[in-house]
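Enquirer: mind folding the following:
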Amino acid sequence: MSKEKQEAAYRAETAATEEQLDSRKDLEQLFLNSPLPTEDLIFNLGLYIRSPSLAKFLVLNDLYERINGLPGAILEFGTWWGQNLILFENLRAIHEPFNKRRVIVGFDTFSGYTGFSDKDLRGEVFNEDTFSTQENYKAYLEKLLETHEGMNVLGHIRNVHRLIKGDVRDTAPQYFKDHPETMVALAYFDLGLYHPTKAALEAIKPHLVPGSTLLLDEFTWLESPGEAIAFKEVFSQQNYRLEKCKLMPLKTIVTIK
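Expert: Residues are numbered from 1 along each chain as shown. A predicted model of the protein is given here:
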């Protein structure tokens, strides 16, 4: 996706004022011109993390604490650049450093949104190829995950991360066919569209347990009605509890009973 399309998507999605957007540009320049040596810059990234990003980190930590006592995998549907997967790996290392059985799996096309239906709305945020990554980015993300894992406790034990590339309507059912033993402790949904979301929800439903947690990124966003429609259809007979995400109220947490 071009830089111009990406910036248009950001602006359509944000509630920030023009002054706040200008401050973001200032922060970007301060980061690009940081006087810190690279090693110090990596160690002090909090200098440049905006409050919404910090809130996201805290939300992911809360989700991990909720499922810490459960067995099962952590799945993300719609990884984009993969930041959440990296954070989940490091949260695993913090909360349960000796648990290398907590498989972390990311699903993405790596080519942006596709599969629109009449239950979805097109716009600057949701359109063909928005939020695509660079060519061959999957290999880079795999290396990044491996590097983080190698720095953590029991880093010599590998293969607890999996990146699944392709249309989730095909890859999610196939994954569970190949791994029928899987139990899902946590699933993060950021697919946005009706058909992919419904396919992923249907795929994970038989593998959920009491206490399993879902995070629905666009559940109450009017620009993305497909996610809520898909959830209601798939989970109409399921016993669950809905909860507004405290620090990021546009997101919704689902706890399976």
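
Enquirer: packing partners for the longest helix out of those in the chain?
Expert: Secondary structure of the chain per DSSP state H: the longest helix is helix 51-67. Counting contacts by 3 or more CB pairs under 8 Å, 6 or more residues apart in numbering; DSSP states H and E, helix 51-67 packs against helix 83-95, strand 184-189, strand 208-216. The C-beta positions use only the backbone N, C-alpha and C, and glycine is treated the same way.

Enquirer: by how many degrees do it and strand 184-189 diverge?
Expert: Counting by axes from the mean of the first three to the mean of the last three CA atoms, to 10 degrees, helix 51-67 lies at 160 degrees to strand 184-189.

Enquirer: what is the mean pLDDT for the helix or strand following helix 51-67?
Expert: Moving toward the C-terminus from helix 51-67, the next helix or strand (DSSP states H and E) is strand 73-77. For strand 73-77, mean pLDDT is 98.

Enquirer: do the same with stretch 190-208
Expert: Mean predicted confidence for stretch 190-208 is 96.

Enquirer: how about stretch 21-28?
Expert: According to the model, stretch 21-28 has a mean pLDDT of 95.

Enquirer: identify the residues contacting that stretch?
Expert: Residues from elsewhere that reach stretch 21-28, judged by CB atoms under 8 Å, 6 or more residues apart in numbering: 11, 14, 16, 48, 50.

Enquirer: also stretch 77-88?
Expert: 57, 60, 64, 74, 76, 104, 106-108, 131, 133, 137, 141, 144-145, 148, 161, 163, 168, 172, 187-192, 196-197, 200, 217.

Enquirer: what comes into contact with the longest helix of the chain?
Expert: Helix 51-67 is contacted from outside by 49, 74, 84, 87-88, 91-92, 95, 185-186, 188, 211-213, 215, 245-248, 251, 253, 255, using CB under 8 Å, 6+ apart.

Enquirer: could I have the ChimeraX command that selects the buried members from those?
Expert: Under the burial definition 16 or more other CB atoms under 10 Å, those of the contacts of helix 51-67 that qualify are selected in ChimeraX by:
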select :74,84,87,88,91,92,185,186,188,212,213,215,245,248,251,253
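
Enquirer: ok, the residue lying closest to residue 41 once chain neighbours are set aside - contacts?
Expert: In space, and not counting its chain neighbours, residue 41 is closest to residue 34: 5.6 Å by CB to CB, 6 or more residues apart in numbering. Residue 34 makes contact with 41, 47-48, according to CB under 8 Å, 6+ apart.

Enquirer: mind doing that once more with 10 Å?
Expert: Counting by CB atoms under 10 Å, 6 or more residues apart in numbering, residue 34 touches 40-41, 44, 47-48.

Enquirer: ok, residue 154 next?
Expert: Taking CB under 10 Å, 6+ apart as the test, what residue 154 contacts is 93, 97-100, 160.

Enquirer: before we move on, back to that, looking at the helices and strands packed on helix 51-67, which is nearest to residue 156?
Expert: Closest approach to residue 156 among the helices and strands packed on helix 51-67 (CB to CB): helix 83-95, 13.5 Å.

Enquirer: following that closest one, which helix or strand shows up next?
Expert: Following helix 83-95 in sequence, per DSSP H and E, is strand 104-108.

Enquirer: just to revisit the earlier point, what comes up buried for the longest helix of the chain?
Expert: Those would be 56-57, 59-60, 63-64, 66-67, for helix 51-67 by 16+ other CB under 10 Å.

Enquirer: then stretch 225-236?
Expert: Under 16+ other CB under 10 Å, the buried positions of stretch 225-236 are 225-231, 234-235.

Enquirer: for it, what is the average pLDDT?
Expert: When pLDDT is averaged along stretch 225-236, the result is 96.

Enquirer: repeat that for stretch 127-138.
Expert: Averaged across stretch 127-138, pLDDT comes to 82.
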